[in-house]
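*Asks:* Please work out how this folds:
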Amino acid sequence: RRLAHIVRAHLDDHLEDVLAGLPVPVLVLRGREDRLFTERWAHELVRTAPRGHLAEVPGAHTFVWPHPEAWSIPIRDFVAESMPSRHGEG
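*Replies:* Residues are numbered from 1 along each chain as shown. Predicted coordinates:
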């Protein structure tokens with residue numbers, strides 16, 4: 001019953017609607033072996049976000065726990081690319 005409740009709650013939450021209204025860059029991270037978060041859905045979310053970007057990393061749906069190095073680098077790179085340059089200011 002608990003698992004059914006979790007699945008229903010996630011299906012009722014329309015992430016696409018939230019992403020469409022975000023005024024900031026969005027990084028979508030996906031484990032290459034993820035069978036829940038499909039490649040097709042990842043690309044759909046990226047297209048939905050006004051400034052969406054996708055990074056695929058090793059692992060399945062739970063990649064964040066066994067592979068922290070896999071997602072920390074894409075996040076660091078995304079932040080560096082998304083931040084306005086401060087060169088020439090002063």
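
*Asks:* Please count neighbours and contacts with C-alpha atoms only from this point.
*Replies:* Fine.

*Asks:* Just give the number of residues close to the closest residue in space to V46 that isn't next to it in sequence.
*Replies:* Leaving aside its chain neighbours, V46 sits nearest to G52 (4.4 Å; criterion: Cα to Cα, 6 or more residues apart in numbering). As a burial measure, G52 scores 19 neighbours (other Cα atoms under 10 Å).

*Asks:* Repeat that for P66.
*Replies:* For P66, using other Cα under 10 Å, the count is 11.

*Asks:* So it, which state does it fall into?
*Replies:* coil (DSSP: H, G, I helix; E, B strand; the rest coil).

*Asks:* can I assume R35 is in contact with H61?
*Replies:* Yes - checked against Cα atoms under 8 Å, the pair R35 and H61 is within contact range at 7.1 Å.

*Asks:* ok, and the closest non-adjacent residue to L45?
*Replies:* Per Cα to Cα, 6+ apart, closest to L45 is E16, 6.2 Å.

*Asks:* what about the strands in this structure?
*Replies:* In the chain, the strands defined using DSSP state E lie at 26-31, 52-57.

*Asks:* Give me the contacts around the first one.
*Replies:* Meaning strand 26-31. 19, 37, 39, 42, 45-46, 49, 51-63, 71, 75, 78 (Cα atoms under 8 Å, 6 or more residues apart in numbering).
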